[in-house]
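Student: Pasted the sequence and its predicted model underneath.
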Amino acid sequence: MNEKENALKEKNKGDIKFSIVIPAHNEEQYIGKCLESILKASNPFENQVEIIVVLNRCTDRTEEIAKSFNCIVLKNNDKNLSKIRNAGVEIARGEIIVTIDADTQMNEHVLSKAEENLITGKYIGGGVTGKFERMSLGIFVSALLLIGPLFFKYGAISVGIFWCYKKDFESINGFNENMLMAEDADFAKRLKVWGKKKGKKYGTIKNGMITSSRKFDKHGDWILLKRPKMILAYLKGTDEKYADEAYYENHDR
């Protein structure tokens, strides 16, 4: 173990603690794998990680599964992912906030890399890159059709899993509760702008996650080519009809 690794190990024995917030609407098929991945990533931080599962109108076994992993559970009935996530962060005790979706698995290095980046003082926080659990030409094209316009509107950002100090999360007022879609891209842009004001960079942890392909499994791999209005809805961010279809009624998040 080198000097840098020793320093990180000693730091981990101190007061650094992660609060990991997961919005969950009927996620019994996915949340177990998500929580298992978090436990693996938490190994270097024994007794320093809390997991907050925000139960959103769940009628399945999501709560039971979350409690079996000793998660903190909080109930929230809003059809608004920003409000759901913000509610979880509000009760968080950790110095570092991490958000992840219930159908996503974080890779083992994510928490360690997030802490390593933050304690340098060079990063305001950031996101991750990752991959879908399966890939096809249709998924690739659909992803490009969405990423292109979002890049044009929000700039070069990474999303998926967010990590930052709670104080900075609060400084930008968390997720924008006026947005029903693309709230993650909006959050990333505002965090990046906040970091620039403080002389810090927006970071990206590479190969940080594996996320489900369930939207494509349900609606087809070419969904965004067949339904370009969905792309416009993402860019608008406030379309209730498309938001309900994408997230809040069809158990797609």
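Tutor: It's in. Numbering: from 1, shown residues only.
Student: Quick one: residues in contact with stretch 192-211.
Tutor: Residues outside stretch 192-211 that contact it (C-beta atoms under 8 Å, 6 or more residues apart in numbering) are 100-101, 103-107, 109-110, 113-114, 117, 121-133, 155, 157-158, 160-161, 163, 168, 171-172, 188, 191. For every residue, glycine as well, the C-beta is placed using N, CA and C.
Student: dump the residue contacts of residue 21.
Tutor: Per C-beta under 8 Å, 6+ apart, neighbours of residue 21: 52, 54, 85, 88, 89, 92, 97, 98, 99, 100.
Student: and the first one, what are its phi and psi?
Tutor: If I follow you right, that is residue 52. Taking degrees, to the nearest 10, you get phi -110, psi 120 for the backbone angles of residue 52.
Student: Next up, the contacts around residue 124.
Tutor: 164, 168, 191, 192, 194, 195, 198, 200, 201, 202, 203.
Student: Highest neighbour count among those residues?
Tutor: residue 164 (28 neighbours; other C-beta atoms under 10 Å).
Student: Kindly provide the distance from it to residue 72.
Tutor: To residue 72, residue 164 is 20 Å away according to C-beta to C-beta, to the nearest Å.
Student: Now do the helices in the protein.
Tutor: For the chain, helices defined by DSSP state H occupy the ranges 3-12, 31-41, 62-68, 81-90, 110-119, 137-154, 166-171, 183-197, 214-219, 223-226, 228-236, 240-243.
Student: wait, which of those helices is closest to residue 48?
Tutor: Shortest distance between residue 48 and those, using C-beta to C-beta, is found for helix 3-12: 7.0 Å.
Student: Let me see the mean pLDDT of that closest one.
Tutor: Helix 3-12 carries an average pLDDT of 44.
Student: what's the answer for stretch 20-37, then?
Tutor: 97.
Student: Where does pLDDT dip in the protein?
Tutor: Applying pLDDT under 70 to the chain flags residues 1-16, 242-243, 246-253.
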